[in-house]
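Peer 1: structure of the sequence below:
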Amino acid sequence: MGLRVLTILLMIAAVNPAAVLALDPLQEIYEKRGDLQVAFEADTGLAVPGTAAGFLLDLEDWARQYGWAEHDELRSYGPEEGDGVPARVDTQEIESEIGAHAYVVMDRSTGKILTVKNENRQWPVASLTKLVTADVVLDHEVSMSAYGDVRNSDNVGGARLWVYDGDEFTVEDLFYAALVGSANNGANALSRTAGLTRSTFLEEMNNRAKALNLIKTEFVDPTGIELGNVSTAREMTRLARDILGRDEVRRFTTTATKHIYNLTQSTSKKMTNTNWMLYKSDYDDVYVTGGKTGYLIESGWNLVVALRPNGYDTDRELLITIFGADSRADSFIDAEKLADWAWDVHQWEKQY
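Peer 2: From the prediction side, this is the model:
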């Protein structure tokens with residue numbers, strides 16, 4: 001349950017407990033079930049570490065994963081009518097084949113978690129941070145045709161646009177620079193187009209995580225270059241599910257190559273997507289609907305990617321987060337293995 005909602009309910013309960021029960025069936029069920037009271041904090045709804053909550057983030061997450069199937073009054077937390085819900089039909093495991101430090105596999109449409117490893121360990125997210133940067137700028141509805149400049153102060157190391165101080169690009173091309181080429185100076189320039197101070201921009205990035213009860217997620221710069229940009233595989237998957245639901249983010253992150261135009265110098269630069277699964281023939285048997293890569297020496301190779309077995313199979317779309325693969329290639333190989341495993345050992349059952 002969201003902290004804000006639960007706080008309001010608790011305030012109402014102090015005056016009229018019956019009103020809470022009438023307003024919130026999830027809270028009513030919580031009050032009746034001792035197992036839920038052990039697994040989730042009463043005041044915040046957050047999962048209690050070391051309990052049966054496991055990979056669940058909060059009480060609302062329990063309702064989305066399991067509660068809707070156990071209680072008719074929680075049906076609104078479940079899949080929409082006609083959605084396919086994955087059901088395990090094979091006991092085959094995959095963990096021994098995956099070398100990454102941590103991973104989560106989620107069914108994209110329902111949010112159901114299919115498998116995890118080290119899902120609650122905090123980890124530097126590197127350039128996965130740029131998804132949140134893009135999300136904040138999109139929230140401010142900055143015109144794609146507006147201009148933004150890339151400054152020398154935007155150069156923080158790592159991948160970059162090789163430009164002169166003050167060179168201008170359209171906001172749309174800065175999105176491509178940040179999400180396709182993963183240019184750090186492009187991400188810094190993009191963040192300024194929202195018209196916020198740096199501290200306010202970072203506050204909005206962190207508020208995005210707080211709104212989803214992601215207590216182990218924090219952002220300290222818009223690029224991901226700083227080690228203080230951290231999350232867990234579970235929390236990053238929850239955040240990416242929302243952000244990759246935006247049409248604009250899907251468009252940018254599924255672009256294999258793009259020429260962006262330097263308005264100041266009247267020259268173009270080719271951006272090639274850091275996600276090989278979009279264009280290398282090794283991954284022709286999966287269909288990518290969104291994603292982002294990230295790398296730091298300290299984090300290894302990170303990846304969040306949405307995959308279908310083909311372009312039309314929306315029911316079996318997966319969202320996979322990988323932290324700490326040994327190489328860029330390994331991150332994609334691991335993602336493909338996890339996807340193939342999920343499709344092999346689950347059957348998607350329609351809800352009527």
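
Peer 1: show me what contacts the residue nearest to the spatial centre of the chain?
Peer 2: The chain has A240 as the residue nearest its centroid, 1.5 Å off, counting by Cα atoms, centre = their mean. Counting by Cβ atoms under 8 Å, 6 or more residues apart in numbering, A240 makes contact with 128, 131, 292, 304, 319, 321. From N, CA and C alone the C-beta is placed, and that goes for glycine too.

Peer 1: wait, which of those residues is closest to E298?
Peer 2: Checking these against E298 with Cβ to Cβ, the nearest one is L128 at 14.0 Å.

Peer 1: is it correct that the closest one is in contact with G294?
Peer 2: Yes: the pair L128 / G294 is scored as a contact, 4.4 Å apart, by Cβ atoms under 8 Å.

Peer 1: next, show the common contact partners of the two.
Peer 2: Common neighbours of L128 and G294 (Cβ under 8 Å, 6+ apart) are 224, 302.

Peer 1: tell me the SS of the residue nearest to the centre of the chain?
Peer 2: Recorded secondary structure, A240: helix (DSSP: H, G, I helix; E, B strand; the rest coil).

Peer 1: who touches the longest helix anywhere in the chain?
Peer 2: In the chain, taking DSSP state H as the definition, the longest helix is helix 328-345. Identification of contacts with helix 328-345 by Cβ under 8 Å, 6+ apart yields 86, 88-92, 94, 97-100, 103, 105, 114-115, 274-277, 280, 282-283, 285-286, 293, 295, 301-303, 305, 307, 309, 316, 318, 320, 322, 325.

Peer 1: again, only this time at 7 Å
Peer 2: 88-90, 92, 94, 97-100, 103, 105, 114, 276-277, 283, 286, 301, 303, 305, 307, 309, 316, 318, 320, 322, 325 (Cβ atoms under 7 Å, 6 or more residues apart in numbering).

Peer 1: only the buried residues of stretch 93-103, if you could.
Peer 2: For stretch 93-103, a neighbour-count test (16 or more other Cβ atoms under 10 Å) marks 94, 98-103 as buried.

Peer 1: cool, and stretch 340-352?
Peer 2: 341-343, 345-346, 348.

Peer 1: and stretch 114-129, by the same measure?
Peer 2: Result for stretch 114-129 [16+ other Cβ under 10 Å]: buried residues 114-120, 123-129.
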